[in-house]
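J.: Structure for the following, please:
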Amino acid sequence: MKLDALHSCVAAVAACTFIVCASPTHADAIDGTWCSPAGEQVTINGEDVTTPGGNQVKGQYTRHSMAFQIPPGEAGAGKKLYMEQLHEGAVKVTTIAEVQVEPGPHEDWTRCKAAVS
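T.: Numbering: from 1, shown residues only. This is a model prediction of the structure:
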């Protein structure tokens with residue numbers, strides 16, 4: 001009887017491990033699509049960024065942060081946008097001008113919800 005209980009326990013642990021490992025999340029990286037409270041979106045894939053205006057730019061990427069210059073034609077053009085991952089579902093976004101001494105206010109953005117078709 002003890003052997004059956006052990007097999008059941010091992011099977012349960014294996015199933016939980018599979019579910020956690022197979023989940024399509026970005027649990028420990030900033031990569032993905034982020035949404036502002038106003039509905040803007042930024043998509044990060046390594047150093048490649050798609051800006052709210054749809055432009056493709058390169059940024060300074062680390063696993064938990066991203067910085068890029070806002071391109072011409074977009075709100076805040078010429079400023080640098082910094083994103084710092086707070087946890088799996090949120091980033092702190094700050095926009096800084098070149099000559100600004102201290103960072104301005106920040107916004108908390110969240111991961112965009114996957115589109116449902």
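J.: Flag every buried residue along stretch 104-117.
T.: Trp109, Arg111 (16 or more other CB atoms under 10 Å). Glycine gets a C-beta too; all of them are placed from N, C-alpha and C.
J.: what does stretch 59-77 give?
T.: Gly59, Tyr61, Ser65, Met66, Ala67, Phe68, Gln69, Ile70, Glu74.
J.: Cross those residues against strands and list the overlap.
T.: Counting by DSSP state E, the part of those found in strands is Tyr61, Ser65, Met66, Ala67, Phe68, Gln69.
J.: Identify the farthest-apart pair in the residues you listed.
T.: Ser65 and Gln69 (15.0 Å; CB to CB).
J.: Identify the residue nearest the residue positioned nearest the centre of the chain in space, chain neighbours excluded?
T.: For the chain, Ile30 is the residue whose C-alpha lies nearest the centre (CA atoms, centre = their mean; 3.5 Å). Spatial nearest neighbour of Ile30, excluding adjacent residues (CB to CB, 6 or more residues apart in numbering): Gln85 at 4.6 Å.
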